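**Q** Sharing a model that was predicted from the sequence below.
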Amino acid sequence: MLDLHGYFPFILKGMVVTIEVALGSLLIAVILGMLGATAKLSKSRVAQGIATFYTTIIRGIPDLVLMMIIFFGGQLIVNDIADKFGWGYIDISPFFAGIVTIGFIFGAYMTETFRGGILAVPRGEIEAGYAFGMTSKQVFFRITLPAMVRHALPAFGNNWMVLAKTTALVSVIGLQDMVYNANQAGGTTRQPFTFLLVVAFLYLLITGVSDIALRLADKKFSVGVRRA
Amino acid sequence: MDYEAIINNLPLYFEGLWVTIQLVTMALAIGLCLSVPIALLASSKNILVKALPQAFIYFFRGTPLLVQMFLIYYGFGQFEALRESFLWPIFREAYWCALIAFSLNTAGYTAEILRGAIAQTPFGEIEAAKACGMSSATIYRRIVLPSAFRRALPAYGNEVIFMLHGSALAGVITIVDLFGAARIVNSRYFVPFESFITAGLFYLVLTFTLVWLFKRLEHRWHAYLRPRET
C-alpha cells in the first residue's frame, strides 16, 4: 500500500501554497486581462499598441523563461532602485515573484479571452443601456460585464486549468509548493515516484473540482439561453 | 547591460537551439504517431475500449508537464527492477527522459484534439461512404481521418507552440537546451536580463516561424474553405 512515511501533511502544506499562488495569480491575471481588453478595444492607438505588444511577447516566450527574467531581473531592478534611495538590500520572495510572473503571463491570455467576450455582447444591448441614459461606466458594469461572462467563461476555464498547472514552475525558483515538497520528501525517503504520483493526483483533484465549479458557473450565467 | 558575455557565448546558445529543435521535433513526431491510435480508441463507443485511452488523455492533460518529467527522470529510479534492467541506460539519461515525457504529453493533448475533430465528422459524410459500400476501415482511412486532420490543424498549431514552450523545462533537468544555455550563462556571469532575454528572443523567432508555417499549411489544407478569388 501507499506508505508516505508521515510526509502527507508536508505535501498538503505545499498544496496550500500551490492553491495560494494559483488564486493570487488569477486575481492579477483577471485585472491585467480587463485592462488589456479595454486597451485593445479602445480608440487610442497607443493603448492598442501597448496591449498588442504585451500579448504577442507573452505568447511568444516560454513561461519558464519569463519567470526567470522577472524573478532574477526584478531582483536586480528592485535593488538598483533601493540602492539609489539608500534602503538597503530588499529580497524578493519567490512567493511574490511567482504570483506576479504567472499573473503577468496569464493576463495576456485573459486579455484575448475578455476581448472576445466583450465583442460577443450584442451591440443592441449596449445601445439600449445608453438609451436609458446610463453613463459609460454604468453600461460597462450593468450590461457589458455581466453579459460577457457567459461568452468568456469557457476560455476563462481553460486558462484557469492551464494556470493551475503552470504553478508547478514556481518550484524551480525555490518556492515550497507541492512539487518542491514532493521532491524533498521523495529524496529523503528514496521514493520520489510515490510522492510525485501523489502530487499528480492532487493536481487532478484541483482540476476536477474546478471543472465542476466551472460547469455550475456556466449553468448560472447561461440562465435564459436556449441550447439545442 | 553586458553584451560581451552574450556575444562570447552565442555558440552555446546555438548548441542549445539545436537541442531544443531536436527535442521538439522528435517529441512531436512520436506524439503524433501515438495520438492517432489513442484518439481512435478513445472515440470508440465501447466503454471497455475507450476507458484506458481516455484515462491516458485525462492524466497527461490534467497534470503539469514538470511533474510528468520528474516522475520519469527522478521517479523511475525508485524501482529496483528497472534499475537492473536493460532499459536503465535510457532512463538514467536526462535527455531521453525529457523526450519520453514530452512525447507522452503531446500525445495526450494531440489525441484529445483529434478525438474532438473525429467526433465532429458530419454524419452525412459517413452515411454517404457507407452507401458507397466502403468498409469501416476504408471509411476511417478515406473519409474520417483526412477531414479530422484538416479540422484539427488550427488547434494542433497551438499545441506545437505549447510543446516548444514546454520544452524549456528540459533545462531544469540539466539538459543544455536554449533555456539550459541561458541558465549556464546567467550562473557564470550573473547577467539575468541579458542571458534570459537572449533565450527569449530565440524562442520568439521560433514561435513566429511556427505560426507562419501553420498559416501556410492552413492556406493549403483549408483551400476549399477559402472564399473564391474574384
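**A** Alright, I've got the coordinates. Numbers count the residues shown, from 1 in each chain, chains lettered A, B, ... in the order given.
**Q** Give me the distance between B:Ala155 and B:Tyr109.
**A** Noted for B:Ala155: a distance of 9 Å to B:Tyr109, by Cβ to Cβ, to the nearest Å. In this view, the C-beta of every residue, glycine as well, is placed from N, C-alpha and C.
**Q** scratch that, A:Asn159
**A** 16 Å.
**Q** before we move on, what about A:Val139?
**A** 40 Å.
**Q** If you count surrounding residues, which of those two has more?
**A** More crowded of A:Val139 and B:Tyr109, by other Cβ atoms under 10 Å in any protein chain shown: B:Tyr109, with 22 against 18.
**Q** and chain A, which residues reach chain B?
**A** Taking Cβ under 8 Å from any Cβ of the partner chain as the test, the list of chain A residues beside chain B reads A:57, A:59-66, A:68-69, A:72-73, A:75-76, A:165-169, A:171-172, A:179, A:183, A:186, A:190-194, A:196-197, A:199-200, A:203-204, A:207-208.
**Q** how about 7 Å then?
**A** A:60-65, A:68-69, A:72-73, A:76, A:165, A:168-169, A:172, A:179, A:183, A:186, A:190-193, A:196-197, A:199-200, A:203-204, A:207 (Cβ under 7 Å from any Cβ of the partner chain).
**Q** Whichever of those residues end up buried, select them in PyMOL.
**A** PyMOL command restricting the residues of chain A next to chain B to the buried ones, with burial defined by 16 or more other Cβ atoms under 10 Å in any protein chain shown:
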select buried, chain A and resi 60+61+62+63+64+65+68+69+72+73+165+168+169+172+179+183+186+191+192+193+196+197+199+200+203+207
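**Q** Which ones among the residues of chain A next to chain B map onto helices?
**A** Of those, the ones assigned to helices by DSSP state H are A:60, A:63-65, A:68, A:76, A:165, A:179, A:183, A:186, A:192-193, A:196-197, A:199-200, A:203-204, A:207.
**Q** how many neighbours does the residue lying closest to A:Thr207 once chain neighbours are set aside have?
**A** Leaving aside its chain neighbours, A:Thr207 sits nearest to B:Gly62 (4.9 Å; criterion: Cβ to Cβ, 6 or more residues apart in numbering or on different chains). Neighbours of B:Gly62 under the rule other Cβ under 10 Å: 20.
**Q** do the same with the one 10 residues further on
**A** For B:Ile72, the count of nearby residues is 22 (other Cβ under 10 Å).
**Q** Look up the closest residue to it, ignoring the ones flanking it.
**A** B:Cys97 (4.7 Å).
**Q** what about that neighbour, which helix or strand?
**A** helix B:94-119 (DSSP states H and E).
**Q** what does chain B put close to chain A?
**A** Going by Cβ under 7 Å from any Cβ, the residues of chain B near chain A are B:62-64, B:66-67, B:70-71, B:74-76, B:78, B:165, B:168-169, B:172, B:179, B:186, B:192-193, B:196-197, B:199-200, B:203-204, B:207-208.
**Q** In helices, which of those fall?
**A** Using DSSP H, the residues of chain B next to chain A in helices are B:62, B:66-67, B:70, B:165, B:179, B:186, B:192-193, B:196-197, B:199-200, B:203-204, B:207-208.
**Q** worst-scoring helix or strand of chain A, pLDDT-wise?
**A** Among the helical and strand segments of chain A, the one scoring lowest on mean pLDDT, DSSP states H and E is helix A:74-85, with a mean of 80.
**Q** What residues of it count as buried?
**A** Buried, per 16+ other Cβ under 10 Å, within helix A:74-85: A:74-75, A:79.
**Q** Report the separation between the residue positioned nearest the centre of chain A and chain B.
**A** In chain A, the centroid-proximal residue (Cα atoms, centre = their mean) is A:Leu26; its distance is 3.3 Å. Distance of A:Leu26 to chain B, computed by Cβ to the nearest Cβ, to the nearest Å: 16 Å.
**Q** Just the element for that residue, please.
**A** helix A:8-41.
**Q** on contacts alone, who are the packing partners of that helix?
**A** On a contact count with 3 or more Cβ pairs under 7 Å, 6 or more residues apart in numbering or on different chains; DSSP states H and E, helix A:8-41 meets helix A:45-60, helix A:94-119, helix A:145-166, helix A:178-189, helix A:192-221.
**Q** picking up where we left off before, list the contacts of the residue nearest to B:Ile72.
**A** With contact set as Cβ atoms under 7 Å, 6 or more residues apart in numbering or on different chains, B:Cys97 has these partners: B:69, B:72-73, B:91, B:173.
**Q** try 10 Å
**A** Each residue near B:Cys97 by Cβ atoms under 10 Å, 6 or more residues apart in numbering or on different chains is listed here: B:69-76, B:90-91, B:170, B:173, B:175.
**Q** again, but for B:Phe193
**A** A:68-69, A:72-74, A:76-77, B:1-2, B:186.
**Q** Once you drop chain neighbours, what's closest to A:Arg115?
**A** A:Ala37 (4.3 Å).
**Q** and the one you found, what does it touch?
**A** A:51, A:110-119, A:148, A:152.
**Q** In CSV, list those residues along with pLDDT and neighbour count.
**A** Shown next, in CSV, are these (pLDDT from 0 to 100; neighbours: other Cβ atoms under 10 Å in any protein chain shown):
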residue, pLDDT, neighbour count
A:Ala51, 92, 23
A:Met110, 93, 30
A:Thr111, 93, 25
A:Glu112, 90, 18
A:Thr113, 91, 26
A:Phe114, 93, 27
A:Arg115, 92, 21
A:Gly116, 91, 14
A:Gly117, 90, 24
A:Ile118, 91, 21
A:Leu119, 91, 13
A:Met148, 88, 22
A:Ala152, 88, 25
